[in-house]
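Pasting the sequence and the predicted model now:
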Amino acid sequence: MIMDAPFLIAASLTLLSAIAAISLRNLVHCALCLALTFIGLATLYLQLGAQFVGLTQIVVNVGAVAIVIVFAILLTRSGDSSDEPRFNKGAVWGFLIGGGVFGALGAAINASSISLKAAAVEPSLTVKQIGQELMGRYVLPLEAIGLLLTAALIGAVIVAMRETPREGGRK
Amino acid sequence: MSPAIHNLWLIPTLPLLAAGALALAPRGNRLAAKALSIGSLAASLLLSLQAFLASLRLQGDHGVAREFVNFVWLRFGAGEAGALKLGFVLDPLTAVMLVMVTFVGLLIFIFSVGYMDHDDNFKQFFCFLSLFAAAMLGLIISNSLLLLFICWELVGVASYLLIGFWFHKPEAAAAAKKAFITTRIGDMGFLLGMVWLYAETGTLLFYDGGAGCLEQGAIAALVAKSAVGGIAVSTCIALLIFCGAVGKSGQLPLHVWLPDAMEGPTPVSALIHAATMVAAGVFLVARMFPVFAAVPPGAEGGAGALTIVTWVGATTAVFAALIAVAQNDIKRILAYSTVSQLGYMMLGLGVGGVAVGMFHLIMHAFFKALLFLGAGSVIHGCHEEQDIRKMGGLAKPMRQTFIVYAMGTLCLTGCIPTIGFWSKDEILLNALHGHTDSLIALLPFLMGLFGAVLTAFYMFRQIFYVFYGEYRGDQDHPPHESSPVMVWPLWALFASLAFFTVPGPFVWKWFGGFVDGHQHEVPLGLMFLAGGLSVGAFILGAWFAWKLYGKELPQEADAPDALETRCPETFKLLGARFLVDELYEASVIKANAWCARMADILDRKVWNGVTQFVTQVALMFAWLVRLFDEYVINLGFDCGCRRIEDGGRAAVKPQTGQIQSYLRLIGVALIVGVLLLTWGCSGS
Amino acid sequence: MTMETWLIFSAALFCIGLVGALTRRNAIIVLISIELMLNAANLNFIVFWRHGVNAEAAAGVMTVIFSIGIAAAEAAVGLALVIAVYRHFKTVNLDKIDSMKG
């Protein structure tokens, strides 16, 4: 099976940066690697012909989520806890289970009958079409997701808000 | 219905209220004690007189006029049968008793004011006296055997309190106890008789418009039924109730308490143990007379309970008179005399009916109260000396007392023409009338006659000892006449006796008609015979006394008794009261003590041992149960608990609280799920 | 480029995220891992859309767009939670946070 170069480059970049994101000791590095992973995924989306999704991925995930994570890292000030081991006590089990899941999924993919090739003609999905879909068939989920985002953000603010000091004791 | 019957309940209630008020009054309140008790009893006397007059007015040409008020006291079931009724009755019997008790009682109350003047417990004394008067009056007016019994026992309590009034004297305390216990023995029979009567008739009311237990229907039913040995139930009940009368009236064999009761203050002796309470037994027999007199049809007249009453009365009359001959204590002589006279009353009831016995009761109450109060006056005048040998020559310093005492003596001994003669003569006459067919039937009459001789003898012996000769007591403290408050009641009693004596036989004629509702018809010849014999008996007794004591008056206090020098053995036996007390001591009391000791040993050794054994067995059983509990049940339970605990501990292990351990499980589940979906589904 | 290659790739990405979530102590790394797993799933939607028979329907693309929105919300709430937890326990070490231990 011959694979085209763009895919190989993007895929390997994505996987390597993903592995880095979960294994590096420095949390800020981890966050940066995560951003790299998102960028790799965005290129893969472009290769698959989902330009709008790829751009959204860059804007939302790389631009917002990764930055929020960096903020969280800074706020919790746990970036340089180098004396502690990175992995927890049951790490071996974690690796085994992860491997097991990969094996199971791979086996399932191999066993399945889907071995379709990519469609010859790239499906043309313009932003206009997507906008029409969003305003037409998917208007209700759109409204719902807007509501969800608003609620989640307000909730996040409330949860993360500094606790009001009780009885004037604790800061 | 006269208003008197509705006021009847007030008669005992007034003294009862006085007693209650005095019980609560402060200790030293003498004026209140006097005023309340005497005032209440005076009011009772007025009400009694009203009742008496009402009863007189009611009296018709034939039969006994009787009114009663009944009320439900206790309800323990539905209807007529479930109601326990009490009531008051007004009939001639009640009326005469009421007047007698309140009148004599009032005089004795007044006398007590003087007699108890120096006593610290003055108030208490009048409280007890009022309580006694209330109980006695309640007893008289009650129309129910139950109410009568309640008052009967209250009278007993008051008697106990008054005999033991000087409780610091051991003899007084012992005498009170003795009186209470001895009368209780008789009351046991009374109670049994009452229960039996209730079981048979279903009522304890005397008169209830035909349904009472003393009325025709109930009596007929009682007579018709026979208990063991063919004796009619009525006779059995009568005899049981008579037991109570024997105890209360000091008849043989329960007379022992009465002489000892003289340890109480003299007014008490006069009121309770001469005039009223002891007469309650006689009154009870009189009240229950229909039951006593009931004889089964066909049986002879001698088969009823009255025969027993007659014989007990006659025996007691002679027995007590014999003992009285050899006593030296002025009050003891009078006490045995009382026992003897009560025997006469019983005899009169047995042979002559209600009126005969009651007539002697009433008259005896007057002259015995007079004698006792006179004796009290003598004792008081001689500085609390009671031994007649240490008196003597009191006729001069105590002239008033002597005169009234002599009057009482003449009445008691039955000297013609005093009222005492007529009342005793009536008894003897009835004992003679209709009993001349055999010697056995005549014996009660002869005993009564002999008793009359003895009565005259011991009373004149006393008179000679006390009032004639020289004073043999302490010469430094000469005797003196008592205070007017003590002498006036004596004169009042004297006056009433004189009042009865003047019309003589007509008093009896009226009384017999009033109480029995019919005239007693006796052959004239028999009447003269009995009267002659009675007079003869008096003269014989008096003559003997004069011969032995009057002719040669004893000079020294410790000089031997004239009778003692002549027949010392007899005198000693009589002086020791026929050793009845010793006999009881040796038999009943010793047996009782032995029983008590046996019971004690049984208790300590046998029952205690059994109890201990049972306890030990129970303890052992408990120990076994404990072992079983601890080592079997607990062990199993503990084991189960431990298993459950282990299970819980095992179940809690996965709950580490660490998010990643849960996540791991989810990962495993994912693997399994994917594998299942891929091969599990396609395979099937 | 077969569809299987894409699926294997996304499975690998998912498993990397899973391993990270299972093994790392730091709560923020766990959040990063969850983002990775979510993105692996998103990639699958796009792959199936690209290789599906009815690409004009754009269902896969729409799902991913919504999914990204939800992921953003999730990231915001998750990080807020991490901050709150840190404030309470003074740590984000998951081994030390076990107050729900039975």
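Perfect, thanks for sending it.

The worst-scoring helix or strand of chain A on mean pLDDT and chain C, are they touching?
Confidence across the helices and strands of chain A bottoms out at helix A:66-76, with a mean of 85, counting by mean pLDDT, DSSP states H and E. Yes: where contact is defined by C-beta under 8 Å from any C-beta of the partner chain, part of helix A:66-76 touches chain C, namely A:68, A:69, A:71, A:72, A:73, A:75, A:76. Just so you know, the C-beta spots here come from the backbone N, C-alpha and C atoms, and that holds for glycine as well.

Beyond that helix, next helix or strand please.
Tracing the chain C-terminally past helix A:66-76 and defining elements by DSSP states H and E, one meets helix A:91-111 next.

Is there any residue in that next one that contacts chain C?
Yes: part of helix A:91-111 sits near chain C under the criterion C-beta under 8 Å from any C-beta, namely A:91, A:93-95, A:97-99, A:101-102, A:105-106, A:109-110.

Could you name the helices and strands sitting against that helix?
Other helices and strands packing on helix A:91-111, by 3 or more C-beta pairs under 8 Å, 6 or more residues apart in numbering or on different chains; DSSP states H and E, are helix B:659-675, helix C:3-23.

Can you lay out the ones you listed as a markdown table showing mean pLDDT and distance to chain A?
Shown next, in a markdown table, are those (pLDDT from 0 to 100; distance: least, C-beta to the nearest C-beta, whole Å):
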| stretch | mean pLDDT | distance to chain A |
| --- | --- | --- |
| helix B:659-675 | 87 | 4 |
| helix C:3-23 | 91 | 3 |
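
Just say which of the ones you listed is most tucked in.
When these are scored by mean count of other C-beta atoms under 10 Å in any protein chain shown, the highest mean neighbour count falls to helix C:3-23 (a mean of 23).

Show the secondary-structure elements that that helix is packed against.
Helices and strands touching helix C:3-23, by 3+ C-beta pairs under 8 Å, 6+ apart, are helix A:5-23, helix A:91-111, helix B:659-675, helix C:27-51.

moving C-terminal of the second one, what's the next helix or strand?
The C-terminal neighbour of helix A:91-111 among helices and strands, as given by DSSP H and E, is helix A:127-135.

near chain B, which residues of chain C show up?
Applying C-beta under 8 Å from any C-beta, we find that chain C lies next to chain B at C:18, C:21-23, C:30, C:94-95, C:97-102.

on that earlier part again, please compute how far the least confident helix or strand of chain A lies from its chain's middle.
Helix A:66-76 sits 15 Å away from the centroid of its parent chain (C-alpha atoms, centre = their mean, to the nearest Å).

again, but for stretch C:82-98
21 Å.

Only the C-alpha atoms, please, for it, written as CSV.
C-alpha atoms of stretch C:82-98 as CSV (Å, rounded to 0.1, in the frame of the first residue of the first chain):
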residue,chain,number,x,y,z
VAL,C,82,-9.2,22.0,37.7
ILE,C,83,-8.7,25.4,39.0
ALA,C,84,-11.5,24.9,41.6
VAL,C,85,-10.0,21.5,42.6
TYR,C,86,-6.5,23.1,42.9
ARG,C,87,-7.9,25.8,45.1
HIS,C,88,-9.5,23.3,47.4
PHE,C,89,-6.8,20.6,47.6
LYS,C,90,-3.8,22.8,46.8
THR,C,91,-2.8,20.3,44.2
VAL,C,92,-3.8,18.8,40.9
ASN,C,93,-2.2,15.5,41.5
LEU,C,94,-4.9,13.0,40.9
ASP,C,95,-3.4,10.3,43.2
LYS,C,96,-3.9,12.6,46.2
ILE,C,97,-7.4,13.5,45.4
ASP,C,98,-9.4,10.6,46.8
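
Could you check it and say which residues are buried?
C:82, C:83, C:84, C:85, C:86, C:91, C:92, C:93, C:94, C:95, C:97 (16 or more other C-beta atoms under 10 Å in any protein chain shown).

Longest helix in chain C, please.
helix C:59-89 (DSSP state H).

Can you mark which positions in that one are buried?
Neighbour count says helix C:59-89 has C:59-69, C:71-86 buried, by 16+ other C-beta under 10 Å.

before we move on, what about stretch B:521-539?
Buried residues in stretch B:521-539 (16+ other C-beta under 10 Å): B:522, B:527, B:530, B:531, B:533, B:534, B:535, B:537, B:538.

In this structure the second one contacts residue B:429, no?
Yes: under the criterion of C-beta atoms under 8 Å, residue B:527 is in contact with residue B:429, at a separation of 6.1 Å.

between the longest helix of chain C and helix A:66-76, how many degrees?
10 degrees (axes from the mean of the first three to the mean of the last three C-alpha atoms, to 10 degrees).

could you give the angle of helix C:59-89 to helix A:127-135?
Note on geometry: by the same axes, to 10 degrees, helix C:59-89 and helix A:127-135 are set 70 degrees apart in direction.

roughly how far is helix C:59-89 from the heart of the chain?
Worked out by C-alpha atoms, centre = their mean, helix C:59-89 lies 9 Å from the chain centre.

now for it, which elements pack on it?
Short answer (3+ C-beta pairs under 8 Å, 6+ apart): helix C:59-89 packs on helix A:51-57, helix A:66-76, helix A:127-135, helix A:139-160, helix C:27-51.

do the shortest one and chain C meet at all?
Meaning helix A:51-57. Yes: Helix A:51-57 is in contact with chain C by C-beta under 8 Å from any C-beta, via A:52, A:53, A:56, A:57.

how near is the second one to residue B:77?
Right, residue A:53. In this structure, residue A:53 and residue B:77 are 103 Å apart, going by C-beta to C-beta, to the nearest Å.

which of these two has more neighbours?
Between residue A:53 and residue B:77, counted using other C-beta atoms under 10 Å in any protein chain shown, the more crowded position is residue A:53 (29 against 9).

where in the chain is pLDDT low?
I'll assume chain A. A:1-3, A:78-83, A:114-122, A:163-171 (pLDDT under 70).

ah, I was thinking of chain B
Low-confidence segments of chain B, defined by pLDDT under 70: B:1-2, B:60-63, B:227-230, B:297-303, B:436, B:553-559, B:562-563, B:575, B:577-579, B:681-684.

Which residues of it lie near chain A?
B:658, B:660-661, B:664, B:667-668, B:670-671, B:674-675, B:677-679, B:682.

wait, is residue B:210 part of a strand?
No: with DSSP: H, G, I helix; E, B strand; the rest coil as the criterion, residue B:210 is coil rather than part of a strand.

Please report the number of neighbouring residues for the closest residue to it other than its chain neighbours.
Of all residues not flanking residue B:210 in the chain, residue B:217 sits nearest, at 6.3 Å (C-beta to C-beta, 6 or more residues apart in numbering or on different chains). As a burial measure, residue B:217 scores 12 neighbours (other C-beta under 10 Å).

do you know how far residue B:217 is from residue B:429?
Separation of residue B:217 from residue B:429 (C-beta to C-beta): 34 Å.

How about the secondary structure of the residue in the stretch 301-450 of chain B that chain A sits nearest to?
Proximity of the stretch 301-450 of chain B to chain A (C-beta to the nearest C-beta) peaks at residue B:384, 94.3 Å away. Classification of residue B:384 using three-state DSSP returns coil.

tally of neighbours for it?
8.

and what of the one 3 residues further on?
Using other C-beta under 10 Å, the number of residues around residue B:387 comes to 15.

who's in contact with the nearest residue to it once chain neighbours are set aside?
Nearest non-adjacent residue to residue B:387, counting by C-beta to C-beta, 6+ apart: residue B:328, 5.5 Å away. Residues near residue B:328 by C-beta atoms under 8 Å, 6 or more residues apart in numbering or on different chains: B:387, B:388, B:389, B:561.

6 Å - rerun?
For residue B:328, the contacting residues are B:387, B:388, B:389, by C-beta atoms under 6 Å, 6 or more residues apart in numbering or on different chains.

got the residues you listed as CSV, with secondary structure columns?
What follows is those, written out as CSV (three-state DSSP):
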residue, secondary structure
B:387, strand
B:388, helix
B:389, helix
